[in-house]
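Student: sequence first, predicted model second:
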Amino acid sequence: MLEAYFKIKEEGSSIRTEIIAGITTFLTMSYIIFVNPEILSTTGMDRNAVFVATCLAAALGSAIMAFVARWPIGMAPGMGLNAFFAFTVVGAMGFTWQQALGAVFISGVIFLLLTVTGVRRWLVAGIPHSMRSAIAAGIGLFLAIIALKSSEIVVANPATFVGLGDLTQTGPLLAIGGFFIIAALDALKVRGAILIGILIITVLSMMLGVSQFGGIVSLPPSIAPTFMQLDVLGALHAGLAHVILVFVLVEIFDATGTLIGVAKRAGLMPEGKPNRLGRALMADSTAILAGSVLGTSSTTAYVESASGVQAGGRTGLTALVVALLFLAALFFSPLAGAVPVYATAPALLYVACLMMRELLDVEWDEITEAAPAALTALIMPFTYSIANGLAFGFISYAVLKTLTGRYKDVHLATWLVAALFIIRFVMVGGE
C-alpha cells in the first residue's frame, strides 16, 4: 500500500531508505520541541501546552506534506517567526498571545488565498533576490541577539546600550560550551548535532544544579491552555495589520525558498515538467492554520529536510516517518521541561550563524541592491523587530532605485509592500 501510494520505486527509492531518511530529518529538526516552548512560554503561554502544540503541529504539518504533496519535507513551527511572535508582537508591542495566535491564523488564511489564486507566485517573483537573502540573514541576526541576551552573554549597559556579561558565571559558560559542541558535531557531519548539544548541556545543567531532573517519559500533558485560544477578532486591531503582513511575507519567502531548494536537491522539479510545488505550498498554508488553532506560531517547511534527501528520501513516506516521530516525542515532556535556556540559546545562536550565509547572495557591487539589503539585516536586531527590518529594506529599495533613475526596475510587488509599510509608519509610528 505504501509503495503504491507514494510511488517509491518510481522515484528510485525503497521503503527502508525512506524510513532512514525520515529518521535523519527528524534528528536534525527535533531541536524545535525544546526551543519553541522556551521561546513562546516567555509570553505567558503554558510551556507544557506549547510543547504538545509544537509536536502536534509538526506531526500534522509533516503528515499533510506526506499525503497532499508526497514530498520528503518535514514541517514544524518556524524559527524566527516564533521569536517575532514572542519578543516583538507580545513583548514589545504589548498584544496578548491570544491576539498573536489570531494574527498567525489570519496570515495562514491570506497565504492560502494567495497560493490558490496564484498571487503568491507573482509576489515572490517581484521581490528582489538581494532582499530575499537579506531577510533570511536579518532573521538570523535577530535570533542571535535573542540567544546572546537570554544566555546573559550580552547584557544591558547604560553607557553603550549593550555590553559583555560575566563570563565566569555558570549559565553563560554552559551556553558557550553548548555552541562549541553543536558547531563541532555539525562540522563532523554528526546527524542531530543541535539536538545532541541541547541534551548534553541539559545533563550538565542538572549536574550543576542549574535545572532539576523531572524524569524522561510520561503521558503527554494537556494542550487545553493553548488549544483554540486564538483571538481572531482581537487580531483585527489596526496595530496588528503590519504584523500580519510580516507573517505573510516571511511565510511566503521562507516556505517557497525551502520547498524549491529541497525539492530541486531531491530531483523533484525537473525542468519543463509538471511538479507538485503548488500542492506543497497548499500543505504549508494549511499547516499554519492548524498550528495556530493548536497554540503555536507559524508552521513551515524545514530546510533541515535536505539532510533526509541526502540520505535518499524522495517521497512523502519520509515526511510521514517525521510525523510519526513527532507524535512519539509527545511522551518526552518531562525531559523538555527540564531543558534550561542555557541549553536552547546555543541552538538559536548556531541556527543564526547558518542563516548568515545568505548574505553571500547579495549583490554587494550594486549599491542600490546592497544598501537596502544591509539595512534590512541590521535593523532587525537593533530594533528587536523583523517588521522594522522589512520596512526599512523595502522602502529604501524603492527610494534608492527612484533617486538613481531606475524606478522601472522596481516590481509592482515591491512598490506595494513599501507603500503598506509607509502607511503603517504614518498611522502607528514606530513600535
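Tutor: Great, that's in hand. Residues are numbered from 1 along each chain as shown.
Student: and the contacts of stretch 186-201?
Tutor: Outside stretch 186-201, the residues that touch it by Cβ atoms under 8 Å, 6 or more residues apart in numbering are 24, 27-28, 30-31, 34-35, 174-175, 177-179, 181-182, 185, 307, 339-340, 342-344, 346-347, 350-351. Every C-beta, even on glycine, is put in place using the N, C-alpha and C of the backbone.
Student: how far does it sit from the chain's center?
Tutor: Here stretch 186-201 is found 19 Å from its chain centre; the criterion is Cα atoms, centre = their mean, to the nearest Å.
Student: below-threshold pLDDT in this structure: ranges please.
Tutor: 238, 271-274, 427-431 (pLDDT under 70).
Student: following the lengthiest helix in it, which helix or strand comes up?
Tutor: Secondary structure of the chain per DSSP state H: the longest helix is helix 241-265. Using DSSP states H and E, the helix or strand that follows helix 241-265 in sequence is helix 277-294.
Student: what strands line up against the next helix or strand after that following helix, and which way round?
Tutor: Counting by DSSP H and E, the next helix or strand C-terminal to helix 277-294 is strand 299-301. Under the criterion DSSP bridges, strand 299-301 sits next to strand 75-77 (antiparallel) in its sheet.
Student: off-centre distance for the helix or strand following the partner strand?
Tutor: Using DSSP H and E, the helix or strand that follows strand 75-77 in sequence is helix 81-83. Taking Cα atoms, centre = their mean, the mean C-alpha location of helix 81-83 is offset from the chain mean by 7 Å.
Student: stretch 85-97 now?
Tutor: 17 Å.
Student: within the helices and strands, which one has the residue nearest to Ala241 when sequence neighbours are not counted?
Tutor: Distances taken as Cβ to Cβ, 6 or more residues apart in numbering place Arg424 nearest to Ala241, at 7.0 Å, with adjacent residues excluded. Assessed by DSSP H and E, Arg424 sits inside helix 412-428.
Student: just the angle between that helix and helix 241-265, please?
Tutor: Interaxial angle, helix 412-428 versus helix 241-265 (axes from the mean of the first three to the mean of the last three Cα atoms, to 10 degrees): 150 degrees.
Student: residues contacting helix 412-428, please?
Tutor: With Cβ under 8 Å, 6+ apart as the test, helix 412-428 has contacts from 122-123, 125-128, 131, 238-239, 241-242, 245, 249, 390-391, 394-395, 397-398.
Student: inside helices: which ones of the residues you listed?
Tutor: 122-123, 125-126, 131, 241-242, 245, 249, 390-391, 394-395, 397-398.
Student: of all these, which comes closest to Leu148?
Tutor: Leu390 (22.2 Å; Cβ to Cβ).
Student: any idea where the strands of this protein begin and end?
Tutor: Ranges of strands within the chain are 75-77, 154-157, 161-164, 299-301, based on DSSP state E.
Student: so what touches the third one?
Tutor: Under the contact criterion Cβ under 8 Å, 6+ apart, strand 161-164 has outside partners 153-157.
Student: and these as JSON lines, adding distance to Ala69 and neighbour count?
Tutor: Listed next are the contacts of strand 161-164 as JSON lines, based on distance: Cβ to Cβ, whole Å; neighbours: other Cβ atoms under 10 Å:
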{"residue": "Ile153", "distance to Ala69": "40", "neighbour count": "23"}
{"residue": "Val154", "distance to Ala69": "41", "neighbour count": "18"}
{"residue": "Val155", "distance to Ala69": "45", "neighbour count": "13"}
{"residue": "Ala156", "distance to Ala69": "46", "neighbour count": "10"}
{"residue": "Asn157", "distance to Ala69": "49", "neighbour count": "11"}
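Student: out of the residues you listed, who's nearest Ala86?
Tutor: Val154 (17.9 Å).
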